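Novice: Give the three-dimensional model of this entry:
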Amino acid sequence: MAGRTGASFQSSDIDRDLGGVRVLEVGTFIDAAFAGKLLADLGAEVVKVEDPERPDLCREFGPFPGDVPDDEASGLFLFLNCNKQGVTLNLATATGRELFGKLVARSDVLIEGLGKRTAQSLGLDYDSLRSVNPNIVMLSMPGAGSSGPLRDLVLYGPSLSSLAGLDALAGYRNEEPLGTHVLFYDCNSASHAAYAVVAALWHRTRTGQGQRVEEAQWEAAVAVLGEAILQYEMTGVSPEPQGNFHPMMAPHNLYRCQGDPSISAGEVDQWVAIAVATDEEWRALCGALGHAEWAADPAFMDLASRQQNVDRLDALITQWTCQRTADEATKLLQAAGVAASPYFETGERFLDPHFQERGIYVDVDHPVTGRYILSPIPPKMSDTPPAIQRPAPMLGEHNAYVFEDLLGMTASERQRLEEEQALY
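Specialist: I've put the predicted structure just below:
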């Protein structure tokens, strides 16, 4: 977790796109948290509401510093919740729900990621919230939507990958699918959701009207598989795993390079990614590899022939890359106008000079973990740049600010409610 490879910590006085917008976030896992993070990075004041008896599940997932579990030091939680205020509130109590209603009245957006039945049991339905704040923008993220025969289905990232069809596409060519085993679709649905919230806020500035946004995670997952769906609709053939094969490029693969001599006596694998989209780029690659004659070889003269003989082609390129480090191969190929990039291990990306120049990673200080590295959202906006202004909150860290400064509660009142476990 420690490191000093990020850019300088950015100050909190820069204007942001969503400055002045207050968001309440109530959820238990990645989807709601990542949607809140995207809005927080754009400058919204995001208040994360947790029940200390059932806090965000992200706190239970690592990595942890020293591999020692600590719900204040989860790498997943630290990534998903930077820039947020954190409060604890027991919504199962009447007092907790009353306080939450007061927060709703002072907010612009509510992100609800609890599931339909849980949200309804806590009174977090749109009609109830609109009676408190008619202009509220409410975002719900049900797995399969609030209507239809599967409306009560509970879904997480891995199950979304299976139901959407992504798992059937992940794997090596001409082999059985391997599945994804990643939480890609949690972040995918959250990205769709955050965009919808911004659109709803824009609508509100034009009309004065809030609205409920329902983002069914399953539908958001299917939406990014357009090419695969169209292939089946137009040909009747179900797409299969393709590995690194590309229908419009060849060569298009990862190629083994020399190991890093500074690590384990060169035993660590290095790879370079090479992608060739045109015959001109193919001729440039042949020249860079010192085999200009390949460009005239009937087996490689055009895209169709290169794809037909892709195994032989990959073997020839590997003979060249194996004699060079990934960095050396990348520089030679890029100088010739060929798209190439080293394959980075996780730690290597922090040291990349291009990423450092672009400020992709910043150092953040946390009272429990110390300094760690995070990345703001990627867009670089000149007038309203996204930035990381504060680390993820500890459990209930901002109770005094939210309940005293925002709601006007006295310190003794807050302490009494903490003793009653309405908030604590």
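Novice: Please make it C-alpha for all contacts and neighbour counts, starting now.
Specialist: OK.
Novice: Surely residue 330 and residue 337 touch.
Specialist: No - with contact defined as Cα atoms under 8 Å, residue 330 does not reach residue 337; the gap is 10.6 Å.
Novice: more crowded one of these two?
Specialist: residue 330 (23 against 16; other Cα atoms under 10 Å).
Novice: Show me what counts as buried in stretch 342-358.
Specialist: When neighbours are counted by 16 or more other Cα atoms under 10 Å, the buried residues of stretch 342-358 are found to be 342, 343, 349, 350, 356.
Novice: Among these, pick out the one closest to residue 51, please.
Specialist: Within those, proximity to residue 51 (Cα to Cα) peaks at residue 350, which comes in at 34.9 Å.
Novice: Let me know whether the closest one touches residue 358 as I believe.
Specialist: No - between residue 350 and residue 358 no contact is recorded; they are 11.5 Å apart, counting by Cα under 8 Å.
Novice: which residues of the stretch 151-300 of the chain score low on pLDDT?
Specialist: Counting by pLDDT under 70, the stretch 151-300 of the chain contains low-confidence ranges at 260-268.
Novice: can you map out the strands along it?
Specialist: Along the stretch 151-300 of the chain, the stretches classed as strands by DSSP state E, counting those that start in this stretch are 212-214, 252-257, 270-275.
Novice: Could you point out which of these sits nearest residue 117?
Specialist: Distances from residue 117 to each of the strands of the stretch 151-300 of the chain were compared using Cα to Cα; the shortest belongs to strand 212-214, at 14.9 Å.
Novice: and the angle from the helix or strand containing residue 330 to strand 270-275?
Specialist: For residue 330, the element it lies in under DSSP states H and E is helix 326-335. Helix 326-335 and strand 270-275 meet at an angle of 20 degrees, taking axes from the mean of the first three to the mean of the last three Cα atoms, to 10 degrees as the criterion.
Novice: Can you give the contact residues for the longest helix along the chain?
Specialist: With DSSP state H setting the assignment, residue counts place helix 184-207 as the longest helix in the chain. Residues from elsewhere that reach helix 184-207, judged by Cα atoms under 8 Å, 6 or more residues apart in numbering: 30-32, 34-36, 38-39, 109, 135, 137, 139, 141, 156-158, 160-161, 209-211, 213, 215-217, 220-221.
Novice: Would you mind checking the residues you listed for buried ones?
Specialist: 30-32, 34-36, 38-39, 109, 135, 137, 139, 141, 156-158, 160-161, 210-211, 213, 215-217, 220-221.
Novice: just checking, which of those residues belong to helices?
Specialist: Mapping the buried ones among the contacts of helix 184-207 onto helices (DSSP H) picks out 30-32, 34-36, 38-39, 157-158, 160-161, 217, 220-221.
Novice: nearest to residue 128, of these?
Specialist: Nearest to residue 128 among these, counting by Cα to Cα, is residue 32 at 20.3 Å.
Novice: Which stretches in the stretch 301-424 of the chain count as helices?
Specialist: Counting by DSSP state H, counting those that start in this stretch, the stretch 301-424 of the chain has helices at residues 303-308, 310-321, 326-335, 353-358, 399, 411-419.
Novice: in the stretch 1-150 of the chain, which ranges drop under the pLDDT threshold?
Specialist: Low-confidence regions of the stretch 1-150 of the chain, defined by pLDDT under 70, span residues 1-16.
Novice: what do you get if the cut-off is 50, keeping everything else the same?
Specialist: Under the criterion pLDDT under 50, the flagged ranges of the stretch 1-150 of the chain are 1-15.
Novice: Tabulate the helices of the stretch 301-424 of the chain in JSON lines, adding columns for distance to residue 297.
Specialist: Formatted as JSON lines, those follow (distance: least, Cα to Cα, whole Å):
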{"stretch": "helix 303-308", "distance to residue 297": "10"}
{"stretch": "helix 310-321", "distance to residue 297": "11"}
{"stretch": "helix 326-335", "distance to residue 297": "21"}
{"stretch": "helix 353-358", "distance to residue 297": "37"}
{"stretch": "helix 399", "distance to residue 297": "71"}
{"stretch": "helix 411-419", "distance to residue 297": "78"}
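Novice: now these in CSV, with mean pLDDT and distance to residue 258?
Specialist: What follows is the helices of the stretch 301-424 of the chain, written out as CSV (pLDDT from 0 to 100; distance: least, Cα to Cα, whole Å):
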stretch, mean pLDDT, distance to residue 258
helix 303-308, 96, 25
helix 310-321, 96, 7
helix 326-335, 96, 7
helix 353-358, 86, 21
helix 399, 93, 54
helix 411-419, 88, 60
